[in-house]
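Trainee: next come a sequence and a model predicted from it.
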Amino acid sequence: MTSLSGDSDNGGPAAEPQTLMCARCGTTAEAPQPLWICSVENGARHYFCGTCARENLRAIEGRLDSAWW
């Protein structure tokens, strides 16, 4: 039986690349970005670019419980 809905892997529309936006400075980039970090806060994902992540690494680590050290 042939599917006519276009949702198969053969001939369906290509997935669009995900665009990430830094929650701090607003920089945008196409995913994946290996130097970006993702923070889940109140169930929502927040992405931070490599620059903002490096600048705020101590503040981020400071919020971790001592069990993570």
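Mentor: Ah, there it is.
Trainee: flag every buried residue along stretch 33-43.
Mentor: Within stretch 33-43, the residues that count as buried by 16 or more other Cβ atoms under 10 Å are 36, 37. In this view, the C-beta of every residue, glycine as well, is placed from N, C-alpha and C.
Trainee: how about residues contacting that stretch?
Mentor: Under the criterion Cβ atoms under 8 Å, 6 or more residues apart in numbering, residues 20, 22, 23, 29, 45, 46, 47, 48, 49, 50, 53, 60 lie in contact with stretch 33-43.
Trainee: repeat the analysis, applying 10 Å as the threshold.
Mentor: Applying Cβ atoms under 10 Å, 6 or more residues apart in numbering, the contact partners of stretch 33-43 are 20, 22-23, 27, 29, 45-54, 56-57, 60, 63.
Trainee: can you tell me the closest non-neighbouring residue to residue 25?
Mentor: Leaving aside its sequence neighbours, residue 25 sits nearest to residue 52 (Cβ to Cβ, 6 or more residues apart in numbering; 5.5 Å).
Trainee: cool, thanks, signing off.
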